[in-house]
Every structure is written in structure tokens, then in C-alpha cells.
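1. turn this into a structure:
(one chain, ligands or ions: 1)
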Amino acid sequence: MLFSYRYAITRGISPNFERAEKQLAPTEAVDLALAKRQHDTYVEVLRSVIPNVIELPPLTDFPDCCFVEDPAVVIEDKAFINRLGAPSRRGEEPSIAECLEDLGLKVFPLDAPALSDGGDCLYTGRHLFLGLSHRTNREALEAIKSLPLGCEVVGVSVPEGLHLKSFVSQFDEEVILASACEAGLMIAAQLEAYGYRTVRIPEQAVCANVLRIGNHIVMQGGFPESAATIQSLCTEYRLDSQVLKMSEFIKSDGALTCCSILIP
Ligand code: CIR
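-> Numbering: from 1, shown residues only. Now for the predicted structure:
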């Protein structure tokens with residue numbers, strides 16, 4: 001069943017987290033102690049709604065290792081392992097691939113010249129939308145299309161920013177949240193062509209990235225206008241909601257979905 005998960009994979013923060021990739025230098029430095037507390041709370045929230053949460057040990061040499069969404073993408077009982085777009089992140093994948101294999105998933109590695117990040121993969125149950133971004137290329141699109149995933153794979157142009165899911169995320173089977181910024185609107189128009197309802201989310205683009213698990217929505221804390229929009233949608237769809245502030249991850253372009261791999 002869509003949104004029902006037996007396992008989640010997470011990974012603790014690297015001691016070198018301050019050196020994580022960033023599109024822009026943050027105005028305030030990353031607070032490592034606060035980042036750890038926020039990550040602990042994230043894991044606690046997952047534990048409250050998913051029976052098995054696996055915490056992989058941090059990788060000292062990989063400052064971005066907590067962003068486990070990027071190395072692998074799970075589609076039902078299958079997964080593909082990305083060849084990550086940022087060279088500094090290549091090497092995060094093997095332990096994740098091993099973990100997925102141990103859980104019994106059929107795992108397909110992607111090879112050069114494909115480049116892809118999980119943040120560019122939005123799986124809705126009907127479609128796998130693949131953001132074509134600075135991190136994900138057309139070779140990856142062709143390679144993923146050739147895998148036996150059992151869903152239609154569609155390329156979506158991401159005009160700026162990091163990933164497709166820096167601007168959109170799935171709220172319900174046929175409902176996708178999209179940032180009200182220009183790039184969000186352009187992406188939303190591409191998804192609407194496939195029959196999805198999209199809902200505009202104000203404030204920062206990262207606010208459109210929520211976690212949907214069972215009947216729960218977890219949204220980013222610290223953004224009252226977007227919280228009000230998402231809350232009223234939760235009321236309409238009879239979903240519970242919860243707010244989780246991940247400010248230290250936003251400084252490294254991370255959103256809520258990026259810190260876990262969810263496995264049905
Ligand atoms: C990176 O640039 O790769 C990391 N600093 C952020 C990755 C965020 N990933 C995601 O949202 N899926």
C-alpha cells in the first residue's frame with residue numbers, strides 16, 4: 001500500500017558535516033550539536049510511525065552521508081543505486097546497497113555515464129518522475145527507463161536549484177505540493193500534465209518538501225504560512241500532521257525527505 005513502510009534507513013551525521021556540499025554559503029554557520037539533536041528527533045519521528053528504523057553509522061570521510069535519500073531509490077521490492085552527481089559523495093552507496101540487499105530488495109546499480117541523485121526521484125506509485133538537474137542527466141533517465149521497475153519513468157526539467165524534490169513532494173496519491181516560486185510553478189505544470197493536482201506552498205522552496213508516511217504528514221518547522229497551507233490540506237484529506245525543524249540541514253540544501261530511505 002502506498003505510504004505504508006516497514007523499514008526506514010537513516011545514517012548519523014558525519015563529524016565533518018560542516019563541510020557538506022552547499023549551493024550557497026549559509027549566512028550563519030552550521031551548528032553541529034543542534035544538527036545532531038534535529039537528526040535524533042527526525043529518527044524518533046520515524047520510529048513513531050515505522051516499525052523498523054535502521055541507523056547506519058556515519059561515514060567520517062563523507063560530510064553529506066546523512067542525506068541517504070540520494071544514493072538509492074526504492075520502488076516497491078526493487079531499488080536502483082545511483083551514480084551520485086557530486087563526485088565528493090561517490091562512495092556513500094555501497095553500504096546502502098548492502099543494507100537494501102539484506103532486506104531482500106532486488107538491487108540494480110547504475111553505471112557511467114549515468115549520474116543521478118535520489119533527490120531528483122519522485123515516485124508516486126504511478127510514475128517515477130526524474131528531475132533533470134545539475135546532478136541528474138539524460139543518460140540516467142535512459143538507464144532507469146530500461147530497468148524492470150513496473151512504473152512509467154518521466155523526465156522533468158529542473159530549471160534551477162539542487163533537486164526536483166527541492167521544489168516538490170508527494171502529499172497524497174494524486175496530490176503534489178509544489179513551491180510557489182518560479183521553478184516550483186514550472187515543475188508543477190509538468191506534473192499536472194500527468195493528472196496530478198498540485199498545491200502551491202509559500203515561503204522557501206524547502207517548505208514544499210514533506211514526508212508522507214501512512215496517514216501522517218511531517219512538515220518543515222519555522223515557516224508559519226506554509227504550515228497553515230499544509231495544515232488546511234491535511235484537514236481536507238483527514239491526515240495527521242507534525243512539524244519538524246531541520247534548520248541545520250537546510251543550510252546544506254537538505255529537505256525532510258533527504259534523511260531517509262523508506263521501504264514498503
Ligand atoms: C548535497 O548537496 O548533495 C547535500 N548537501 C544535500 C543533499 C540533499 N539531498 C536531498 O534532498 N535528497
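2. burial check on the residue in the stretch 1-150 of the chain that the ligand sits nearest to, number of neighbours?
-> Nearest residue of the stretch 1-150 of the chain to the ligand (Cβ to the nearest ligand atom) works out as residue 119 at 2.7 Å. In this view, the C-beta of every residue, glycine as well, is placed from N, C-alpha and C. Other residues lying near residue 119 total 28 when counted by other Cβ atoms under 10 Å.
3. what does residue 59 give?
-> 18.
4. quick one: contacts for the closest residue to the ligand within the stretch 151-264 of the chain?
-> Distances between the stretch 151-264 of the chain and the ligand by Cβ to the nearest ligand atom are smallest at residue 258, namely 3.0 Å. Applying Cβ atoms under 8 Å, 6 or more residues apart in numbering to residue 258 gives the contacts 67, 68, 69, 70, 118, 119, 165, 209, 249.
5. dump the residues you listed to TSV, plus secondary structure and pLDDT.
-> Shown next, in TSV, are the contacts of residue 258 (DSSP: H, G, I helix; E, B strand; the rest coil; pLDDT from 0 to 100):
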residue	secondary structure	pLDDT
67	coil	98
68	coil	98
69	coil	98
70	coil	98
118	helix	98
119	helix	98
165	helix	98
209	coil	98
249	helix	97
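6. which of those sits closest to residue 33?
-> Each of those was scored against residue 33 by Cβ to Cβ, and residue 249 proved nearest at 13.9 Å.
7. residues touching that closest one, list them.
-> Counting by Cβ under 8 Å, 6+ apart, residue 249 makes contact with 35, 38, 39, 66, 255, 258, 259.
8. with pLDDT and secondary structure as extra columns, can I get those residues in JSON lines?
-> Converted to JSON lines, the contacts of residue 249 look like this (pLDDT from 0 to 100; DSSP: H, G, I helix; E, B strand; the rest coil):
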{"residue": "35", "pLDDT": "98", "secondary structure": "helix"}
{"residue": "38", "pLDDT": "98", "secondary structure": "helix"}
{"residue": "39", "pLDDT": "98", "secondary structure": "helix"}
{"residue": "66", "pLDDT": "98", "secondary structure": "coil"}
{"residue": "255", "pLDDT": "97", "secondary structure": "coil"}
{"residue": "258", "pLDDT": "98", "secondary structure": "helix"}
{"residue": "259", "pLDDT": "98", "secondary structure": "helix"}
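9. could you turn the buried ones of the residues you listed into a PyMOL selection?
-> Here is the PyMOL command that picks out the buried ones among those, judged by 16 or more other Cβ atoms under 10 Å:
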select buried, resi 35+38+39+66+255+258+259
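10. could you pull out the strands for the stretch 51-200 of the chain?
-> Using DSSP state E, counting those that start in this stretch, the strands found in the stretch 51-200 of the chain span residues 52-56, 72-75, 78-81, 106-109, 121-123, 127-132, 152-157, 168-172, 175-179, 197-201.
11. let's have those in JSON lines, adding distance to residue 62.
-> As requested, the strands of the stretch 51-200 of the chain are exported to JSON lines (distance: least, Cβ to Cβ, whole Å):
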{"stretch": "strand 52-56", "distance to residue 62": "11"}
{"stretch": "strand 72-75", "distance to residue 62": "14"}
{"stretch": "strand 78-81", "distance to residue 62": "15"}
{"stretch": "strand 106-109", "distance to residue 62": "18"}
{"stretch": "strand 121-123", "distance to residue 62": "20"}
{"stretch": "strand 127-132", "distance to residue 62": "22"}
{"stretch": "strand 152-157", "distance to residue 62": "27"}
{"stretch": "strand 168-172", "distance to residue 62": "25"}
{"stretch": "strand 175-179", "distance to residue 62": "28"}
{"stretch": "strand 197-201", "distance to residue 62": "31"}
